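S.K.: Starting from these lines, generate the structure:
(one chain, ligands or ions: 1)
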Amino acid sequence: MPNEMSGQSKTKNITTVNVAVAVIHYEDKYLLGFRDAAQHQGNRYEFVGGKIEADESAEQALIREVAEETGIDIHQNMMVKLGRLHHDYGDKQVSLQVYQVELTAQQYEQHKDCEYGLEGQAMTWADKSKLLAGEYHLPAANKTILEWLKLPTKIAITYPLAHFSAQPNSAAAWVHYHREQLAPESWVYIRLKASELEYIAQQLMDVRPDILAILPYDNDCQRSKTTSTDAMVEAKTTGSIVARHLTHSVLMAWFNGTQDITESEQLADISSERPLIVSCHDIDSILAANKLASMRIQQQLSPVIGAFLSPVLTTQTHPDTVPLGWEAWSALAQLADMPVIGLGGLAPVMIDQTLAHGGVSVAGIRQFHE
Ligand SMILES: Nc1nc2c([nH]c(=O)n2[C@H]2C[C@H](O)[C@@H](COP(=O)(O)OP(=O)(O)OP(=O)(O)O)O2)c(=O)[nH]1
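M.R.: Model prediction:
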């Protein structure tokens, strides 16, 4: 999607309105305004925001809109890009540039009881769980933003089953290790094949009901018509995410139109109804992810909810791979139209550094296990 900065752009007689959107929050409280009935997409809640003027960047527009609508001065707050999306409302096309802005405790204290904005619009602080559960009626384009907001800030990735292959019972060793090592209430990316997922992941979640999981739903589930992954997720993992993971090579094979038979089976999942998570290592894969994200929105499929961008730093497991380094990582992260997850040589304490470089979360294996 083009990174337009002016208020309106006109292609083939279709006018697109460029809008900056601020997802303002303090911890798990999210600020919503209520759109007047007379406005486009009226009688719905919205995140604070508005049109980007011709001479403004998205960030400048946000600072101005937030000040005009709420009186909150965010010019010193960190603005973390969540993503960009284009939405066709039929009567109007919008291109939303979405940023997350966390308020300080002092800013929240000052504004937490405020029921009306400076333009007379009703304002409310929504609990994240209710917002994500769809309890607030928002414009249709915001469905994607809510999916993005489900991504946690810290993600512990599990070891593959093969890591325990020297043990007499590798499945039991996998469960035992992760049962002991995962931090309380952590988010865990369960990296197992579909056939393993059914019984091993289930065991882990039974003994550690406090953890939330990102479960890769892969082709195997569909090929074998496995429904137990669905059942497990729906029954056991409220709040967890089930997403199809596309590796860098599958993503690039789709983008370049080159695939062999095995890959074409995986490529079928490009149009999976599940949300997608992609792995990117360079600019080409970020552009591929952007194209895929835009196609998914156009086809009204679940969005690409995140991109693992790696390796940020050198890792113990791949000491010979040249890492991107923070500067190059940050430049790539800014180009991505979806939230970016830092991976490679990172520890949970590096979340602030990651946010400052334009990512939304940190992920890893070794350093994320206690
Ligand atoms: N502010 C905001 N706008 C959103 C969100 N989701 C969404 O689709 N939009 C759309 C609705 C509008 O078409 C456009 C926002 O532009 P706006 O608020 O400046 O435009 P407007 O037409 O309502 O205002 P105006 O011309 O009366 O100044 O973006 C959201 O969460 N926040």
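S.K.: Which residue, neighbours along the chain excluded, lies closest to the residue in the stretch 151-300 of the chain positioned nearest to the ligand?
M.R.: Residue of the stretch 151-300 of the chain nearest the ligand, by CB to the nearest ligand atom: Ile297 (12.1 Å). Backbone N, C-alpha and C define where each C-beta goes, glycine included. Computed as CB to CB, 6 or more residues apart in numbering, the closest residue to Ile297 that is not its neighbour in sequence is Leu85, at 5.8 Å.
S.K.: Give me the number of neighbouring residues for the one you found.
M.R.: 25 (other CB atoms under 10 Å).
S.K.: need the residues of the stretch 51-200 of the chain near the ligand, please.
M.R.: 51, 87, 92, 94, 139, 141-142 (CB under 6 Å from any ligand atom).
S.K.: ok, back up a step: would you agree the residue of the stretch 151-300 of the chain closest to the ligand falls within a strand?
M.R.: No - the assignment for Ile297, made by DSSP: H, G, I helix; E, B strand; the rest coil, is helix rather than a strand.
S.K.: Tell me how many other residues crowd it.
M.R.: The number of residues near Ile297, taken as other CB under 10 Å, comes to 21.
S.K.: I'd say it and His86 touch.
M.R.: Yes - using CB atoms under 8 Å, Ile297 is in contact with His86, at 6.7 Å.
S.K.: can you pull the pLDDT of Cys114?
M.R.: For Cys114, the pLDDT comes out at 89.
S.K.: What about the nearest residue to it once chain neighbours are set aside, how many residues nearby?
M.R.: Leaving aside its sequence neighbours, Cys114 sits nearest to Met123 (CB to CB, 6+ apart; 5.8 Å). Applying other CB under 10 Å, we find 18 residues neighbouring Met123.
S.K.: cool, His25 as well?
M.R.: Residues near His25, counting by other CB under 10 Å: 20.
S.K.: Test my guess that it contacts Leu31.
M.R.: Yes - if you go by CB under 8 Å, His25 and Leu31 touch, sitting 6.8 Å apart.
S.K.: circling back to that earlier point, of the residues of the stretch 51-200 of the chain next to the ligand, buried ones?
M.R.: 51, 87, 94, 139, 141-142 (16 or more other CB atoms under 10 Å).
S.K.: Just the element for the nearest residue in space to Pro216 that is not next to it in sequence, please.
M.R.: Leaving aside its chain neighbours, Pro216 sits nearest to His245 (4.3 Å; criterion: CB to CB, 6+ apart). Secondary structure assignment for His245, by DSSP states H and E: strand 241-246.
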